[in-house]
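Chemist: based on what follows, work out the 3D shape:
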Amino acid sequence: MSHKIWLMEGLSSQRDIINGITSTAKKHNYNVSIYASHRQSRNEILSLADHALIEPNDINQRLEFILSTVKKYAIQAIHTGRHAHWFEAHRAAIEPSGAHLTTGARDVAMLDLADDKVAFAHHMKSLNLPVVPSLRVDSPVQLRELIARKPFGDLPLCVKPVTGIYGMGFWQFDESVSPMAAFTHPDARRVKAEYYLQALEAVDSMEPLVLMPYLPGPEYSVDMLAENGKVLAAVARRKEGALQYLENSGEAFELAQACAAAMGADGLINVQTRNDASGKPLLLEINMRPSGGIGYTRFSGVNLPGLFALRQLGLISQQQVLDDARRDFTPATVRALSDVVAYNPVLSNQVQ
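Modeler: Prediction:
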């Protein structure tokens with residue numbers, strides 16, 4: 001019997017997830033068929049699956065496309081990384097088809113909370129979970145006043161959008177850098193506060209920002225497999241310079257799991273923390289989706305995408321996942337490298 005899982009368009013890591021599932025199915029000799037889809041011609045992703053589909057761009061066609069695909073190919077599980085709010089709002093229309101849906105949570109309200117970094121911080125604080133202090137900024141005038149007031153004492157400050165992904169829009173205020181630093185070394189993400197304010201004051205409108213203290217670190221990115229708030233497997237990546245150290249214990253590891261439980265996380269998700277000057281980890285944010293680095297965690301021996309697929313297809317129990325994650329983990333050090341793959345403009349595995 002073939003077990004069928006459908007990976008719909010995600011924000012990142014779709015290739016790594018496909019590879020992880022393929023590896024696990026082969027290792028355990030399970031007959032798993034992977035369907036992958038995207039709205040764009042991402043053949044470098046879709047070609048890795050057993051079957052590829054092109055998603056409609058028109059949102060009004062999405063539900064019918066899903067239901068007809070599930071019926072035609074007897075799909076048992078669907079994972080989505082993008083459009084999670086839409087999918088969660090349509091769970092009641094999708095799951096009667098027989099396919100189990102994973103969106104990152106079982107509640108639109110939790111997806112909304114995760115997307116608002118200030119609301120998330122306040123919620124974590126209300127639960128007595130240590131979190132980076134966060135202030136919402138709605139205007140350049142407000143930001144200028146807050147910077148002058150020093151709300152976090154002498155700690156350096158940083159800003160980023162209240163909603164956003166990939167760290168886009170993050171800047172640390174640093175009065176020691178050159179006025180040209182943001183142009184000559186943009187990847188350092190450092191800028192003089194006055195120049196940032198001048199740019200912000202020059203635009204007609206601004207997206208809300210979150211002002212936070214910049215903590216010394218290190219930063220942890222904890223990738224997890226959770227089911228309705230219960231964490232079944234997790235691997236922490238401690239980031240120091242170009243290297244990442246894979247761990248499965250420690251304060252940051254435990255804090256991230258407590259956050260996932262509090263948010264009712266469901267599926268492959270990620271929590272980020274950063275250490276303060278005393279070495280205590282504080283929550284930064286939760287992403288109710290796979291991280292861009294989830295593929296790195298396989299070097300620890302724990303294949304989170306593979307375990308996720310086996311659970312969704314009913315091939316292993318929760319206890320087996322817990323046991324496997326504990327037994328298979330080995331500490332490892334990894335370094336990310338840029339890579340290139342061949343791109344075939346024709347998909348030989350495309351189905352309609």
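
Chemist: how is this protein carved up into domains?
Modeler: For the chain, automatic domain parsing gives the domain ranges 3-103, 110-114+216-335, 133-213.

Chemist: same list (those) but as JSON lines, adding mean neighbour count, mean pLDDT and distance to N349.
Modeler: Every C-beta, even on glycine, is put in place using the N, C-alpha and C of the backbone. Output for the domains of the chain, formatted as JSON lines (neighbours: other C-beta atoms under 10 Å; pLDDT from 0 to 100; distance: least, C-beta to C-beta, whole Å):
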{"stretch": "domain 3-103", "mean neighbour count": "18", "mean pLDDT": "96", "distance to N349": "5"}
{"stretch": "domain 110-114+216-335", "mean neighbour count": "20", "mean pLDDT": "97", "distance to N349": "18"}
{"stretch": "domain 133-213", "mean neighbour count": "15", "mean pLDDT": "94", "distance to N349": "29"}
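
Chemist: which one, of the ones you listed, ends up nearest to L127?
Modeler: Taking C-beta to C-beta as the criterion, L127 comes closest to domain 110-114+216-335 out of the domains of the chain, the separation being 5.5 Å.

Chemist: span of the closest one from start to end?
Modeler: 33 Å (C-alpha to C-alpha, to the nearest Å).

Chemist: not counting sequence-adjacent ones, nearest residue to the residue nearest the centre of the chain?
Modeler: Against the mean C-alpha coordinate of the chain, by C-alpha atoms, centre = their mean, the closest residue is S291 at 3.5 Å. Counting by C-beta to C-beta, 6 or more residues apart in numbering, N270 is the residue found nearest to S291 once chain neighbours are left out, at 3.8 Å.

Chemist: repeat for H79
Modeler: Residue nearest to H79 in three dimensions, not counting chain neighbours: T102, with 4.8 Å by C-beta to C-beta, 6+ apart.

Chemist: just to check, I59 is in contact with W86?
Modeler: Yes. The pair I59 and W86 passes the contact test of C-beta atoms under 8 Å, sitting 7.2 Å apart.

Chemist: quick one: name whatever helix or strand follows the longest helix seen in the chain.
Modeler: Assignment by DSSP state H gives helix 14-28 as the longest helix of the chain. Towards the C-terminus, the helix or strand next in line after helix 14-28, according to DSSP states H and E, is strand 32-38.

Chemist: tell me which helix or strand comes right after that next one.
Modeler: Read in the C-terminal direction, the helix or strand following strand 32-38 is helix 43-46, with elements assigned using DSSP H and E.

Chemist: next one: that following helix to chain centre, how far?
Modeler: Taking the mean of its C-alpha atoms, helix 43-46 sits 20 Å from the chain's own mean (C-alpha atoms, centre = their mean, to the nearest Å).

Chemist: which residues are in contact with that helix?
Modeler: Outside helix 43-46, the residues within contact range by C-beta atoms under 8 Å, 6 or more residues apart in numbering are 14-15, 18, 36-38, 52-53, 341, 343-347, 349-350.

Chemist: among those, which two are most distant?
Modeler: Farthest pair in these (C-beta to C-beta) is L53 and V341. Separation: 20.4 Å.

Chemist: strands of the stretch 151-300 of the chain, residue ranges please.
Modeler: Assigned by DSSP state E, counting those that start in this stretch, the strands in the stretch 151-300 of the chain fall at 157-161, 171-173, 190-191, 209-213, 219-227, 230-240, 243-247, 267-275, 281-287.

Chemist: for the domains of the chain, which one sits closest to S126?
Modeler: domain 110-114+216-335 (9.8 Å).

Chemist: what is the nearest of the contacts of helix 43-46 to K150?
Modeler: Using C-beta to C-beta, Q14 comes nearest to K150 of the contacts of helix 43-46, at 43.2 Å.

Chemist: my read: that closest one touches I21, true?
Modeler: No. Between Q14 and I21 there is no contact under C-beta under 8 Å: 10.9 Å.

Chemist: gap between S47 and Y296?
Modeler: S47 sits 22 Å away from Y296 when distances are taken as C-beta to C-beta, to the nearest Å.

Chemist: one more: G20?
Modeler: 11 Å.

Chemist: check D112 too.
Modeler: Taking C-beta to C-beta, one finds D112 at 29 Å from Y296.

Chemist: how about A84?
Modeler: A84 sits 23 Å away from Y296, going by C-beta to C-beta.

Chemist: just the strands in the stretch 1-150 of the chain please.
Modeler: Using DSSP E, counting those that start in this stretch, strands in the stretch 1-150 of the chain cover 3-7, 32-38, 51-54, 77-79, 100-102, 135-137.

Chemist: contacting residues for A262?
Modeler: With contacts defined as C-beta under 8 Å, 6+ apart, A262 is in contact with H123, M124, L127, L129, G229.
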